[in-house]
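Novice: coordinates for the following, if possible.
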Amino acid sequence: MAFNTHIPLHFELVNKENRKEIEALTVFSEQASFIESVKDCLQEADELELWRPVGIYDGNTLVGFSMYGYFPEPAPGQLWLDRLLIDRKYQGKGYGKQAVLALLSKLYMEYSSNTVYLSVYENNRHAIQLYQQLGFRFNGEYDAKGERIMVYSYEKR
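Specialist: Residues are numbered from 1 along each chain as shown. Got it, this is the predicted structure:
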C-alpha cells in the first residue's frame with residue numbers, strides 16, 4: 001500500500017530531547033475542546049505503554065503531534081489513530097491531510113492491520129470532512145467520551 005505525500009513529513013517518538021517542545025504545541029482556543037493537551041496525552045502514554053506518541057516534523061520543524069496504538073483486547077484487537085493535532089502556527093498549510101496520509105502508511109507498515117479506528121466529536125466538522133475525504137467512515141458507534149468512531153479500511157483503497 002503506497003500513499004502519495006507532497007510534504008516530506010516524518011515522525012519521531014517523543015523522548016527526553018523533544019518532549020518539552022512537543023508539549024508546547026497548541027491549537028486555536030475554539031479547537032481546545034476537540035483534543036486533550038499534548039501534556040495530558042503524554043501522561044496517558046506514560047501510564048499505558050501501548051500508546052506511541054510522536055512528533056510530526058517537516059524537515060527539522062516540529063509541526064504537530066499524534067498518538068496511536070494497537071490494543072489487542074478485546075480480540076481481535078484494534079489499531080487506533082487516537083490523537084492528531086497540527087500546531088496553530090502551521091494550520092491551513094496542508095499538514096493535517098499529509099500527516100493523516102503518512103500516518104496511515106506508517107501504521108500499515110508497523111502493524112500490518114487492515115483497519116484503523118479514530119474518534120471525533122460531532123461538532124468537529126473540519127476534521128470529519130478531512131477524515132471522510134481520506135476514506136474514513138462512521139461505524140455507528142461512540143467511544144467512552146461520546147465521540148463518534150470512524151474506521152478506515154485498507155482493503156477498500
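Novice: which strands or helices does whichever strand or helix holds Gln132 pack on?
Specialist: If you go by DSSP states H and E, Gln132 is part of helix 125-133. Helices and strands touching helix 125-133, as assessed by 3 or more CB pairs under 8 Å, 6 or more residues apart in numbering; DSSP states H and E, comprise helix 95-111, strand 115-120, strand 148-153. C-betas here are computed from N, CA, C, even on glycine.
Novice: following element in sequence after it, please.
Specialist: Criterion used, DSSP H and E; the element after helix 125-133 is strand 137-142.
Novice: let me see the contact set for Gln91.
Specialist: Contacts here follow CB atoms under 8 Å, 6 or more residues apart in numbering; on that basis Gln91 touches 27-28.
Novice: against Tyr152, how distant is it?
Specialist: Separation of Gln91 from Tyr152 (CB to CB, to the nearest Å) stands at 22 Å.
Novice: run through this structure and note the low-pLDDT ranges.
Specialist: Where the chain drops to pLDDT under 70, the residues are 1-7, 156-157.
Novice: scan it for its longest strand.
Specialist: strand 61-71 (DSSP state E).
Novice: contacts for the helix or strand following it?
Specialist: Later in the chain than strand 61-71, the nearest helix or strand by DSSP H and E is strand 78-86. By CB under 8 Å, 6+ apart, the surrounding residues in contact with strand 78-86 are 25, 27, 31, 35-36, 38, 41, 51, 53, 56, 63-71, 95-96, 99-100, 103-104, 107, 111, 113, 115-119.
Novice: the residue nearest to the spatial centre of the chain pairs with what?
Specialist: In the chain, the centroid-proximal residue (CA atoms, centre = their mean) is Leu84; its distance is 3.5 Å. Counting by DSSP bridges, Leu84 forms beta bridges with Ser66.
Novice: with Ile56 instead?
Specialist: Where Ile56 sits in a bridge, its partners, by DSSP bridges, are Phe11, Gly64.
Novice: got the contact list for it?
Specialist: So Ile56 contacts 9, 11, 62-66, 86, 95, 99 (CB under 8 Å, 6+ apart).
Novice: ok, the residues you listed vs Gln132, which is closest?
Specialist: Nearest to Gln132 among those is Ala99, at 16.2 Å by CB to CB.
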